[in-house]
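Participant: quick one, what's the 3D model for this:
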Amino acid sequence: MTISTRRLFVFLAATLVLALLSACSGPREYFSVIPDRDGTTGQMVVTPRQGTALTLDRTNASATVRGGEISPAKLSEAELKEMYKEAFDAQPMAPARFLLYFVEGGDILTTESQRELENVLAEIKKRPAPDLIVVGHTDRVGSVADNDRLALRRAEKVRSQLVTQGFSPESISASGRGEREPLVATADEVAEARNRRVEILVR
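Facilitator: From the prediction side, this is the model:
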C-alpha cells in the first residue's frame, strides 16, 4: 500500500467514524399518544429506518427515534404537556350533550329543564364559534304525523330561545324525530316523560 493510498484509507475511515458519531448524536425525535379532551386514546405505529416498529396504544405512551433506532420513552404528563403545548392548545373542546324535557302535549319546558337551559347557555358561551344541533322527540301518545310536527315544534322553540340569547341562527340546526327514537321503549299511547325531550349537541 502506498503512502497516498494509506492516507486515503485513513481519511475514509475517519469520515465513516464521524458519520456514525453524527448519526448517534443526531436530533432525537419524540412520538407520543395524546388523549382527546374526552379521554379517548387512539394508537400510533412508529416505524424506524432500521429495527422493529413500535406500537403506541396507551394514553401518554411515548417513543424516541435517534440515529434511525427506536426506543420506548417514559415521559410524565407534565413533560408531555410542555413538549406538546401547541397541540394541546389547538385541541377543540369536546362536544357537550344536553337533554331538556317538556310538559306533556306541548312545547313548554319543565321547570327543571328551564334551569338546565342555563347550563346549555353557559356551555355555548365557552366556545368562540359554537355549532349546535337541536333534535326534538315525543312519546308515543298521538299519531305519528302529529308527533312529527310536535317534535319539530319543540326543537324550533328551543332554537328560538337560543337565538334570543344572541346566538347566530346559522349556527343552530333544528329537526324533529317524532316518536321514532325513544329513550325508553314503550307500547303505543303510553305517556313516558323521558321521551318528551330535545337533545342538544354543542360543538
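Participant: wait, P169 touches E156, no?
Facilitator: No: between P169 and E156 there is no contact under C-beta atoms under 8 Å: 10.9 Å. For the C-beta atoms, the positions are set from N, CA and C on the backbone; glycine is no exception.
Participant: the more surrounded of those two?
Facilitator: Neighbours per residue (other C-beta atoms under 10 Å) separate P169 from E156, with E156 holding more: 18 against 11.
Participant: ok, the more buried one touching S175?
Facilitator: No: using C-beta under 8 Å as the test, E156 is too far from S175 to be in contact (9.2 Å).
Participant: any residues in contact with both of the two?
Facilitator: Shared contacts of E156 and S175 (C-beta atoms under 8 Å, 6 or more residues apart in numbering): G136.
Participant: distance-wise, check Q50 relative to S62.
Facilitator: Distance, Q50 to S62, by C-beta to C-beta, to the nearest Å: 20 Å.
Participant: more neighbours: those two, which one.
Facilitator: S62 (21 against 8).
Participant: specify the local secondary structure of Y101.
Facilitator: Secondary structure, DSSP: H, G, I helix; E, B strand; the rest coil: Y101 is strand.
Participant: now for it, how many residues are close by?
Facilitator: Neighbour tally, Y101, other C-beta under 10 Å: 18.
Participant: now do the contacts for it.
Facilitator: Neighbours of Y101 in contact, by C-beta under 8 Å, 6+ apart: L109, T110, E112, S113, A193, R194, R196, R197.
Participant: top of these by neighbour count?
Facilitator: Most surrounded of these: other C-beta under 10 Å gives R196, at 28 neighbours.
Participant: what does the pLDDT read for that one?
Facilitator: pLDDT, R196: 98.
Participant: and the one 4 residues further on, by the same measure?
Facilitator: I200 is assigned a predicted lDDT (pLDDT) of 98.
Participant: what about it, which SS state?
Facilitator: strand.
Participant: name the residues linked to the residue nearest to R28 when sequence neighbours are not counted by a beta bridge.
Facilitator: Nearest non-adjacent residue to R28, counting by C-beta to C-beta, 6 or more residues apart in numbering: R66, 4.4 Å away. For R66, the beta-bridge partners are E69 (DSSP bridges).
Participant: neighbours of R66, just the number please.
Facilitator: With other C-beta under 10 Å as criterion, R66 counts 16.
Participant: could we number from 514 for the rest of this?
Facilitator: Sure, I'll start counting at 514 from here, so that last one is R579.
Participant: ok, it to K587 distance?
Facilitator: 15 Å.
Participant: ok, back up a step: kindly reformat the contacts of Y614 as JSON lines containing secondary structure.
Facilitator: As requested, the contacts of Y614 are exported to JSON lines (three-state DSSP):
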{"residue": "L622", "secondary structure": "strand"}
{"residue": "T623", "secondary structure": "coil"}
{"residue": "E625", "secondary structure": "helix"}
{"residue": "S626", "secondary structure": "helix"}
{"residue": "A706", "secondary structure": "helix"}
{"residue": "R707", "secondary structure": "helix"}
{"residue": "R709", "secondary structure": "coil"}
{"residue": "R710", "secondary structure": "strand"}
